[in-house]
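Chemist: everything below, folded, please.
(4 chains)
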Amino acid sequence: MNFDFSEDQKLLQQITRDYLAENAGLAVCREVLESDAPYSTALWKGAAELGWLGTTIPEEYGGAGFGHLELAVIAEEIGRALAPIPFSSSVVVATEAVLRFGSDAQKKKYLPKLASGEWIGTLAATEATGQNGLEAAKTSLSGGSLSGTKIPVADGDIANFAIVSTAEGDLALVDLDGSGVTREALGSFDPSRSVARIVFDGAPAEALEKGRGQISHLLDRAAVPVAFEQLGGATRAFEITREFTLGRYAFGRPVASFQGIKHRLADLWCEIELARSNAYYGAWALSNDDPELAIAACLARVSTSESFDLAAREMIQLHGGVGYTWEYDCHLFYRRAKWLSLALGSPASWKDRLIDRVEARQKSA
Amino acid sequence: MNFDFSEDQKLLQQITRDYLAENAGLAVCREVLESDAPYSTALWKGAAELGWLGTTIPEEYGGAGFGHLELAVIAEEIGRALAPIPFSSSVVVATEAVLRFGSDAQKKKYLPKLASGEWIGTLAATEATGQNGLEAAKTSLSGGSLSGTKIPVADGDIANFAIVSTAEGDLALVDLDGSGVTREALGSFDPSRSVARIVFDGAPAEALEKGRGQISHLLDRAAVPVAFEQLGGATRAFEITREFTLGRYAFGRPVASFQGIKHRLADLWCEIELARSNAYYGAWALSNDDPELAIAACLARVSTSESFDLAAREMIQLHGGVGYTWEYDCHLFYRRAKWLSLALGSPASWKDRLIDRVEARQKSA
Amino acid sequence: MDFNDTPEEAEFRAEARAWLEANATPHRDDDEEDLLGERIDDKTLAWCREWQAKKAEGGWACLTWPKEVGGREATPIQNVIWKQELAKYRNPPDIYGIGLGMCGPTILTHGTDEQKQRWIPEMMEGQQIWCQLFSEPSAGSDLAGLRSSAVLDGDDWIVNGQKIWTTGAQFSDWGILVLRSDPNAVKHAGLTYFVVDMHSPGIEIRPITQINRGQGFNEVFFTDVRIPDANRIGAVGDGWRVAITTLMNERASIGGGGGAGNTADLIRAAREIEIDGRPAIENAAVRGKLADFYIRSKGLQFTGNRTLTALSRGQTPGPEASLGKLIGGVMVQDLAEFGIELAGMAGIVHDASNPTTSLWQDRFLAIPGLRIAGGTDEVLRNIIAERVLGLPPEVRLDKGIAFKDVPTGPPSN
Amino acid sequence: MDFNDTPEEAEFRAEARAWLEANATPHRDDDEEDLLGERIDDKTLAWCREWQAKKAEGGWACLTWPKEVGGREATPIQNVIWKQELAKYRNPPDIYGIGLGMCGPTILTHGTDEQKQRWIPEMMEGQQIWCQLFSEPSAGSDLAGLRSSAVLDGDDWIVNGQKIWTTGAQFSDWGILVLRSDPNAVKHAGLTYFVVDMHSPGIEIRPITQINRGQGFNEVFFTDVRIPDANRIGAVGDGWRVAITTLMNERASIGGGGGAGNTADLIRAAREIEIDGRPAIENAAVRGKLADFYIRSKGLQFTGNRTLTALSRGQTPGPEASLGKLIGGVMVQDLAEFGIELAGMAGIVHDASNPTTSLWQDRFLAIPGLRIAGGTDEVLRNIIAERVLGLPPEVRLDKGIAFKDVPTGPPSN
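Modeler: Numbers count the residues shown, from 1 in each chain, chains lettered A, B, ... in the order given. Next up, the predicted model:
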């Protein structure tokens, strides 16, 4: 039994954390949030230089050739820093799609640019408000030409290409800077991460070679690293809150000495630890290509979404008045938590998916 | 605005409470629970003498001729005492059915015996495990002859007659001591209240004159007084628990002085107060025959079910070890809470019904 | 048990209605939601002044006050009836609420006759706007832990320090203020209560930006500000007792989130938004959640009716009112969160292209402020536990020692 | 990151498996659930003795103990592997668990050589059953508040008082016992630790009936019971320090409710039971609940795996273990309650005609006991807050004063 990261992975974690502490304090997130910039180009460049953007990309395509455990480690640190970069869209989802379902030619075209950070990729799957099945896409790919509207697309305003789910069940690769594409940046609940509407009107596109019918599997694979990003955010929110309640005094004693506060922190800690355990299981299943991934991804996704949301909410409340000010960082967490918990589909939809899969397994057993 | 009971009703409450304190301490509930007796005949007799069993029955039929507010007042006290008598089945449901939907002849036959306590009545609606619509009855009444199986029937082993829902949508009156009826007492989750399976095989029966299609309305009318019974139980559980935590010392101070306990009690108190408010609204709607009853009954039913369940659970936990002993009374509340929250249909089914009705009203608005 | 007015109440309601019909402005469809009163500009201020003057003229400026100062000695239930009727019309933000609801009653209770004559009439007519300066950065839930100082210098007090969470400071003329006049006394004994001219030299007001970018509150800095001793309310060192009067009146005036608890909006959204190709309202999980919200919001509403009943009988509602804020605060936040999640991934879009969801997002960003203002969850639970349920008070480590010796931060070893 | 044994662990597992295959009894389908060990009769006791003797003979009686007393100095992870393999077979109730898990380690740590020789071998071979007598009616969460007294009389101590929640007292030969030997000392300083012969005159054992009518615990009354001073463990007045050793070992041994957290049962029930004529599992509200339970139970399971990982590395798992009991306890109660409610009105029938629902009802009645035993929610949250998160301890009012002066009930004014 070794249900933990290795020493090497922990070293990678430390290096990543140190770099981010130096280069991506919460002020960097705030800067993007308060400005018109959709993301931090400087941090994106730094991440490229450190090789994070090509973590899972084989060396032959210019990547670091690491596995998904290393990706999970880096994602957690990205989450801790609330790094304002399109990591989840490009490094997790788009990279995974090309790597897993692309032809050799497709890999050769996209992976080196993804690894270098020159291109940002994203997934364009959702077409409407509500929790509709991802299989319900109306956007159509026919004769190399893609038409339809995707909204919202995470990081769709800054991405160079998108993986687009189609009515035919394909995952289409589309150059977003090319012809037949109109896009519009939309207001984001977390302005440190961006979001867009994209209209395709006969845009040139090709299907990922092995992508047909794989949207659901792609989401499973993406959900695990994103869960680590969420876990990192939740953990950091908790740590800052704990520190605050220890330093803040009322009635001559630290706020953290009152049982009401202690018990709330204890409950929150339990939720985050359970989420961590589920995320670890996801990482194990993903890195081993285990069939359990279909269930493990749901566990990791729901657990980390709910605990990051909770941690951010408690963070504001336990900070009292200052927690509600723009000046304090609580709202950065509050916004990011909700953004991440919805950007790959709501927790409710993942619960539904989980029961489908548990049922299927019980029936087959 | 007078959203409270009147002085007269409060006096009735005090008299009822005093009588029950003298004659129905929790030892009386325990006695029934620990013995084979299905209910306390002595208390039933006392209740009859005090006129409680005919609270809403007009004087011409031997009742007290009170309204539903008085019934609510008495039901709350019955609940506080965990009185081990078939009050909800006979005085609330069966009486209401005959009173509301019976012909003159039916009223003349049943109401005086209900008021005197000579006959116990009950409702036999459920036919299977699960949350199936009450409209799904298979039991059939045809040519004055009733056939089918009802399980479970609250107080079905001790009742003299039943109101039986049928496939035709009728509410049939059946003499349970007559021919064509086989019944069997079943184990009850709360052995101080009893439950049975009843098989009808050509039992002579007649429909309540104005009962067709009224099962749902009957349940609404019954839910409100039962909600007061639940509210009484919840309130008493809370009071006993509060007293206990004040008297129990740990670390040199009352357990009730620790913030962890204080806040749990504060939260519980809030839940019970909300339930009380919803129950009051139900009482207002019922006693005024207001169309709001369709919604108000759901509010009262769900609120009081959930808060009595919660109060009983917290009662055990906040008593610590002794709360888990047979000797202490906590489990009497734990059993009764669950029994009452299911005996008229689960809270989940009432929530579903509530949204049906809210939606219907919004649409018609 | 009924929801109807008594004959006396009905008569009063008719009187209020008649005046309002003649003088008030009807609601408009484009009235915007402004949960925290964050959008007050000069035009709005002018509207406030005009409307307040009109109410004062008609005798509706401050119903519960004594007749000798222009009130109508209305009963608490009459005051509620007035508010119910008033709410049926379009009203400017309640910028006089703090003055009339908290400052006025305190001056009427503890002020000298001279002080009453000086401040009360102008306050009532809306000529002067008042604010309250109690909280400090290090004194939130522990209000009596405040540190801003007042030192007597001839006939004036010299004031230094910082106040926070001051609603309306930027357009206020006067403020009520509690200061530490003796740091060697025990905590509650070293406080004195003043009225300060907000236009005094040495006062600097900085708006606080909230997490939703709104600016409903301010920080107020005092640097050698002079307050004449004639502006002192109550005796030196008796400030806590005076402040209690203000706080009792505050607790009664803070509401529970109003429209944000509106389940009708959510049910409408659940009919419009789809889950798996069907209206969300057909989904059992959504129905269960809607039912939970509906039941809680109704429970809160009817609890309010029980409070009104007490008022109607001439009773004073007590600390039970904390229930509404504790339960209501959590509920409206849950409700807003559920409203966002109903949109699925579209819940991350926060702009005009997504109006239904934006409504919930705006509320989700506004509500944490409502939850904290007027008492954190812990403060409210303590109030309920101690004052309603009679459970023992907290163990106190700050009693019986000089205020300056009470720990205010971690030991610096 | 993998779930596999290291080569050393695999080797040990093979050894354990081989011995069990040769000596243990397979599971039977009709094995009944007995969450609180309530159904121990003579036949069961005989089976316990026989199986323990066999394990001792094979060297599997107490793996972690020193070789010199018959243990195999196994690592913590080896002990877990043994338990995993053991659980695959049919086992009698663990009546030796308290002796071997708590009494033995305490004697091995604090006992004299003579005491070790006297008690350890027989304990290990299962010839003697041990119980633990710490809790008292007025000393639950506050264990050190115990009042049962020991007064020295020649070479004996005279013991009076009452203990409670003693598992297995009715069939135990020996007990470990903490008593107040000096009521004038401060609370923790006046305690002394003993071993008592449970067959001594003056001991009366009364079973406690639980809310589910089971009898897993006892009250034990002491009336002038004599304990030889030779049975004292540690110094006079040093009982609390000795007791800590016992308690540290207890915390590690109490589990989280085992099979009661089995969501597979619930999913099966949701496929069988109908809502509105369709299997309950098709209902979105039911699905959401099932998902919540499934996610929590898996989270608990994987948290256990993280603990095993620490063990596998030779680390000692700490107070984090309280998480499992706190979260698991609430979850299994919620799960049982949901299982009952799924049945609708049929949830009130508690008998053989209703087997699926009866299972949940039985658990619903057993679980409150599991939740309280080994620490209430508040105790567990304090442990997590103070020992894991490093938050400040409670304000203590019982420090620094003679035990006899510590308030034990409301003032009788």
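
Chemist: next, residue A:209: phi, psi?
Modeler: The phi/psi pair for residue A:209 (degrees, to the nearest 10) reads phi -50, psi -50.

Chemist: what about the residue nearest to it when sequence neighbours are not counted, distance to residue A:93?
Modeler: Taking C-beta to C-beta, 6 or more residues apart in numbering or on different chains as the measure, residue A:209 lies nearest to residue A:103, with 3.7 Å between them; neighbours along the chain are not counted. Quick note: C-beta positions are derived from backbone N, CA and C, even for glycine. Relative to residue A:93, residue A:103 is positioned 19 Å away (C-beta to C-beta, to the nearest Å).

Chemist: could you do residue C:318 as well?
Modeler: In this structure, residue C:318 lies at 56 Å from residue A:93, with C-beta to C-beta as the measure.

Chemist: the two: which has the busier surroundings?
Modeler: residue A:93 (28 against 14; other C-beta atoms under 10 Å in any protein chain shown).

Chemist: wait, isn't the more buried one in contact with residue A:222?
Modeler: Yes. In this structure, residue A:93 sits in contact with residue A:222. The criterion is C-beta atoms under 8 Å, and the distance is 4.5 Å.

Chemist: which residues do the two both contact?
Modeler: Each of residue A:123 lies in contact with both residue A:93 and residue A:222 under the rule C-beta atoms under 8 Å, 6 or more residues apart in numbering or on different chains.

Chemist: centre of the chain to the strand or helix carrying residue A:97, how far?
Modeler: Using DSSP states H and E, residue A:97 sits within helix A:95-101. For helix A:95-101, the separation from the chain centroid amounts to 16 Å (computed by C-alpha atoms, centre = their mean, to the nearest Å).

Chemist: name the residues of the stretch 201-350 of chain C found near chain A, please.
Modeler: Of all the residues in the stretch 201-350 of chain C, those in contact range of chain A (C-beta under 8 Å from any C-beta of the partner chain) are C:208-211, C:213, C:273-277, C:280, C:285, C:333, C:337, C:340-350.

Chemist: just the ones of those residues in strands?
Modeler: When DSSP state E defines the strands, the subset of these inside them is C:208, C:274, C:275.

Chemist: ok so, going back, give the ChimeraX command for selecting the buried subset of the residues of the stretch 201-350 of chain C next to chain A.
Modeler: A single ChimeraX command is used to select the members of those judged buried by 16 or more other C-beta atoms under 10 Å in any protein chain shown:
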select /C:208,210,211,273,274,275,276,280,285,333,337,340,341,342,343,344,345,346,347,348,349,350
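
Chemist: correct me if wrong: residue A:94 contacts residue A:115.
Modeler: No. In terms of C-beta under 8 Å, residue A:94 does not count as a neighbour of residue A:115; the distance is 11.7 Å.

Chemist: between those two, which one's more packed in?
Modeler: Each of residue A:94 and residue A:115 had its neighbours counted (other C-beta under 10 Å), and the higher figure belongs to residue A:94 (28 against 25).

Chemist: contacts only, for residue A:302.
Modeler: Under the criterion of C-beta under 8 Å, 6+ apart, the contact partners of residue A:302 comprise A:347, A:350, A:351, A:354, D:291, D:295.

Chemist: could you list the domains of chain C?
Modeler: Described in terms of automatic domain parsing, the domain architecture of chain C consists of the residue ranges C:7-95, C:131-239, C:255-388.

Chemist: now these as TSV including distance to residue C:101 and mean pLDDT?
Modeler: As requested, the domains of chain C are arranged in TSV below (distance: least, C-beta to C-beta, whole Å; pLDDT from 0 to 100):
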stretch	distance to residue C:101	mean pLDDT
domain C:7-95	9	87
domain C:131-239	10	95
domain C:255-388	12	88
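
Chemist: dump those into TSV; add distance to residue D:179 as well.
Modeler: Below are these laid out as TSV (distance: least, C-beta to C-beta, whole Å):
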stretch	distance to residue D:179
domain C:7-95	61
domain C:131-239	43
domain C:255-388	36
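
Chemist: tell me how far the residue of chain A found nearest chain B lies from residue D:391.
Modeler: At 3.7 Å from chain B, residue A:259 is the closest residue in chain A, using C-beta to the nearest C-beta. When distances are taken as C-beta to C-beta, residue A:259 and residue D:391 turn out to be 10 Å apart.

Chemist: and what of residue A:218?
Modeler: Separation of residue A:218 from residue D:391 (C-beta to C-beta): 42 Å.

Chemist: and if you look at residue C:135?
Modeler: According to C-beta to C-beta, residue C:135 and residue D:391 sit 25 Å apart.

Chemist: which of the two has more residues huddled nearby?
Modeler: Counted by other C-beta under 10 Å, residue C:135 and residue D:391 do not tie: residue D:391 has more neighbours, with 24 against 21.

Chemist: am I right that the more buried one falls within a helix?
Modeler: No. The assignment for residue D:391, made by DSSP: H, G, I helix; E, B strand; the rest coil, is coil rather than a helix.

Chemist: and it, what does it touch?
Modeler: Residue D:391 makes contact with A:242, A:245, A:246, A:256, A:257, A:262, A:265, D:385 under the criterion C-beta under 8 Å, 6+ apart.

Chemist: turn those residues into TSV, columns for secondary structure.
Modeler: As requested, these are exported to TSV (three-state DSSP):
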residue	secondary structure
A:242	helix
A:245	helix
A:246	helix
A:256	helix
A:257	helix
A:262	helix
A:265	helix
D:385	helix
